[in-house]
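only geometry, no sequence info:
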């Protein structure tokens, strides 16, 4: 019988849990290591929809990117996802910052997606190193052609689904990227000579900061830049366990977008 421990060890091999940031909460968050894991579901978030699917399809283990427990719990009502997981006997492993910085993780996956459409020269360097071995958050690369913000936004929309971008006309060659919410890295990217930063969850003041830094800024959404987590996790687990049954649920943005009189 396949157990949670075996799946945990496989994940630890390509995205070591010891590499998580001090503020993170990655690891086995619900269930025990001896829990069976014959049916696995991979996803970005452990949402109500994901739990419902897991129950219906008799999933024993969910492997997610975002931690189902992040802040300390002071109560556990019946509608909380942790309560629901425990009530249905479903274990949960969450792989947050380890998947962000893994050599085969989220940021590396995005680089592979953008390499051809952005004509990247494959001169990768880590945007924000966080470990002595060179691992860290995001990447920097150089395009072999010059982009306008509008033209670059068009490519990003096709890759990530949605994009907001700064209107300042800045010629773009050197590009910084970090999945999730990394607008705080704007000044770092600027100091390293980047012309643009691509990330998600950009707050109002960061757009003005980009103007002052004379940089282009692109918001492709937290969900948009990380919706590949389910595929990455499933692929790595399946490679080690080719016969295990894995269900992929990429998840969806919990917010709708209104355009005119209809939802986008």
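Right, received. Where do you want to start? Every value quoted in this text rests on a predicted model; they were computed, and no experiment measured them.

for residue 41, helix, strand, or coil?
In terms of secondary structure, residue 41 is strand; the call rests on DSSP: H, G, I helix; E, B strand; the rest coil.

my guess is residue 146 is in a strand, correct?
Yes. Going by three-state DSSP, the assignment for residue 146 places it inside a strand.

that one reaches residue 171, doesn't it?
Yes. At 5.3 Å, residue 146 counts as touching residue 171 under the criterion of Cβ atoms under 8 Å. (C-beta placed from N, C-alpha, C; glycine too.)

nearest the geometric middle of this structure, what residue?
residue 226 (3.0 Å; Cα atoms, centre = their mean).

quick one: contacts for it?
Applying Cβ atoms under 8 Å, 6 or more residues apart in numbering, we find residue 226 in contact with 44, 65, 106, 179, 180, 200.

now do residue 121
Contacts for residue 121 (Cβ under 8 Å, 6+ apart) come out as 141, 142, 143, 144.

identify those among the residues you listed that sit within strands.
Using DSSP state E to define strands, the subset of the contacts of residue 121 located there is 141, 142, 143, 144.

for ChimeraX, write the selection for the buried entries among these.
The buried residues among the ones in strands among the contacts of residue 121 can be selected in ChimeraX (16 or more other Cβ atoms under 10 Å) with this line:
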select :141,142,143
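
how about TSV for the ones in strands among the contacts of residue 121, with distance to residue 163 and pLDDT added?
Listed next are the ones in strands among the contacts of residue 121 as TSV, based on distance: Cβ to Cβ, whole Å; pLDDT from 0 to 100:
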residue	distance to residue 163	pLDDT
141	18	98
142	21	98
143	17	98
144	22	97
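
quick one: the ones in strands among the contacts of residue 121 as JSON lines, columns for distance to residue 253 too.
Listed next are these as JSON lines, based on distance: Cβ to Cβ, whole Å:
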{"residue": "141", "distance to residue 253": "27"}
{"residue": "142", "distance to residue 253": "31"}
{"residue": "143", "distance to residue 253": "28"}
{"residue": "144", "distance to residue 253": "32"}
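
and the gap between residue 53 and residue 248?
Shown here: residue 53 relative to residue 248, a distance of 11 Å by Cβ to Cβ, to the nearest Å.

just residue 72 next, same as before
Looking at residue 72 against residue 248, where the rule is Cβ to Cβ, the gap reads 31 Å.

quick one, which of the two is more surrounded?
Of the pair residue 72 and residue 248, residue 248 is the one with more neighbours under other Cβ atoms under 10 Å, namely 16 against 6.

okay, the angle between the helix or strand hosting that one and strand 39-43?
Residue 248 is part of strand 245-249 when elements are defined by DSSP states H and E. If you take axes from the mean of the first three to the mean of the last three Cα atoms, to 10 degrees, strand 245-249 sits at 20 degrees to strand 39-43.

phi, psi for the spatially closest residue to residue 85 that is not a sequence neighbour please.
Setting aside the residues directly before and after it, residue 85 is nearest to residue 30 in space (Cβ to Cβ, 6 or more residues apart in numbering), at 4.6 Å. When read as degrees, to the nearest 10, the backbone of residue 30 gives phi -140, psi 130.
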